[in-house]
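In: Kindly return the folded structure for what I paste below:
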Amino acid sequence: MCEDAMNRALMLLLIGLLVLPIGCQDPAAAPQQSQQQPAAAAPASADDAATTAPEAADKSVDAGLDGEAETAAHVVVRTDNLPEPVALTAEDWPQFRGANRDGISQAAGLADQWPADGPAVAWEVTGLGEGYSSPAVVGDRVFLNDYDEERNVWMVRCLDLNTGESAWPQNYEVEKRIRPNHAITRSVPATDGGYVFAIDPKCELHCLDARDGSLIWKTFLPAAYDTQIPPWYNGQCPLLEDDRLVIATGGNALLVALDKATGEAIWETPNPDGYQLSHASIMPMEVEGVRQYAYLTLKGAVGVSADDGSLLWEFPWQFNTAVPTTPLPLGDGKLLLTSGYHARTVVCQVSRDGDAWKAEEVVALPPPTQGWNSEVHTPIVYRGFVFGVGKKQRGLWTCLSPAAEELWSSGRKAAFGMGGYVLADGKFFVLEDRTGVVRMLDATADEYRELGQVKVLEGPDVWAPPVVSRGKLLVRDLHKLVCLDIAAEGDAGPVAAANVPNRE
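Out: Here you go, the predicted structure:
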């Protein structure tokens, strides 16, 4: 009997372990599973239960420090002495994937070759909270989300692009208890040089003055829109266009456009199906002269009118909740959708007939591992071709045709895991997630061609997208941000500070 009782106890324990939450994440938008783990999600252990899929699926989750749920939906701190946006230049990187949301920097005058020991390190900032957030850059200001686990403080930092030193009198800080779950920070701020917008892991949207980091207004999305915090915290990066900020909310609205100065709604997209937030970000696109926003819900892609927020079309598509990339416009109304795990990469065609819009599948790749898919990052379209790190063979650098056919890859020459990448001046800068090596690749070649490499980061999980601005390459690992000088000889020099004025 003693043996039978022990067997029953072990059986119950195994059943209990199998039903615990599981997860992974997407840093370009949300968290991802570590490369050291199996490709398929495994049941969490009892020790992981507190950190694997925490309070996130509950909109009433503790969003503060004292154990009480935050209830203030929208708070306006001031309406006077508001900042003015600056004139952005081609060298600025004001938000996730850059000014055009395409992953391409307009920086020029970059070195075509690196010395054997790599480009010089201009500066580095150590001691960052564990995260995948990459920065936004306007003028000489670098804006970065961060978290201090010892003090339970989420923050926005502002650094000097030339020195790495703090450019604000103090960081913007908010006390929030956030349990690590495949790191903590992963969203990229958006800025026009006057305002800075950041969404913290628990879905509170903060509007700051870029001059000194002071708060202008904030909106707690779970209270304002009945939003549920995604399973691996917020991964969405806000989209800033002119005088409006566009975000997905889920709950009572699908997407909303907000007045950037006040946070008041300009329009809201109805959400009759009650879709909740995914970890994806919004992608602007234009089809047949109509500007719209493509977004990946938990059930598939949708298109929303940029003019009035009306829902134009829907495209059902199955993917793992943890790893949606941002929808990628290919031109002529085509949209590439890809995701990790077992999702099939597809291309849908968005079109209209009179006032009616539709999205239809025109390409469907074989399921992994036979077909190509991106585990984490949204690919980049350059000169009509699609470039990105695929899932197969631990992350091969791959070139695809406009029809998503594989043309060539890095093969045995290099594997990048789930590392991020950026394009600038005819060169790709790609990170190896396990090693922290940065590789510079020739973007104009019809094969894999490496121009240089340097190791300045520490793996694993080097997933944050790199940034290029004004001859500088900004890369980070879980705890460190490094600035490399990649300008061609004679083009390097300090960045003019006049682009972002100080607050009077």
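In: Would you confirm that A223 belongs to a strand?
Out: No: residue state for A223 (DSSP: H, G, I helix; E, B strand; the rest coil) corresponds to helix; a strand is not indicated.
In: burial measure for it, as a count.
Out: For A223, the count of nearby residues is 19 (other Cβ atoms under 10 Å). From N, CA and C alone the C-beta is placed, and that goes for glycine too.
In: I'd like to know how many residues surround the closest residue to it other than its chain neighbours.
Out: Once flanking residues are discounted, A223 sits nearest to A73: 4.1 Å by Cβ to Cβ, 6 or more residues apart in numbering. A73 has 13 neighbouring residues, counting by other Cβ under 10 Å.
In: Worst mean pLDDT across the helices and strands of this structure, which element?
Out: Every helix and strand of the chain was ranked by mean pLDDT, DSSP states H and E. The lowest is helix 2-18, at a mean of 40.
In: So which bits of the helix or strand just after it are buried?
Out: Going down the chain from helix 2-18, the next helix or strand is strand 74-76, by DSSP states H and E. Within strand 74-76, the residues scored as buried using 16 or more other Cβ atoms under 10 Å are H74.
In: try stretch 474-482
Out: 474-478, 480-482.
In: Need the CA coordinates for it. PDB is fine.
Out: Backbone C-alpha positions of stretch 474-482 (Å, rounded to 0.1, in the frame of the first residue of the first chain) are rendered in PDB as follows:
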ATOM      1  CA  LEU A 474      24.300  50.800 -30.800                       C
ATOM      2  CA  VAL A 475      24.100  47.200 -29.700                       C
ATOM      3  CA  ARG A 476      23.100  45.600 -26.400                       C
ATOM      4  CA  ASP A 477      23.100  42.300 -24.600                       C
ATOM      5  CA  LEU A 478      21.000  41.500 -21.500                       C
ATOM      6  CA  HIS A 479      22.900  43.900 -19.200                       C
ATOM      7  CA  LYS A 480      25.100  46.200 -21.300                       C
ATOM      8  CA  LEU A 481      24.600  48.900 -24.100                       C
ATOM      9  CA  VAL A 482      27.700  49.500 -26.300                       C
END
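In: 38 is where my numbering starts, stick with that
Out: From this message on, residue numbering opens at 38, which makes the last subject stretch 511-519.
In: got a list of contacts for that stretch?
Out: Here stretch 511-519 makes contact (Cβ atoms under 8 Å, 6 or more residues apart in numbering) with 158, 160-172, 174, 179, 181, 196, 201, 220, 466, 468, 473, 475, 493-496, 498-499, 501, 503-505, 520-521.
In: among the residues you listed, which are in strands?
Out: Using DSSP state E, 158, 160-162, 174, 179, 181, 196, 466, 468, 475, 504-505, 520-521 are the members of those that sit in strands.
In: Quick check: the gap between the residue nearest to A109 when sequence neighbours are not counted and E241.
Out: Distances taken as Cβ to Cβ, 6+ apart put F257 closest to A109, at 6.1 Å, once the chain neighbours are dropped. Distance, F257 to E241, by Cβ to Cβ, to the nearest Å: 5 Å.
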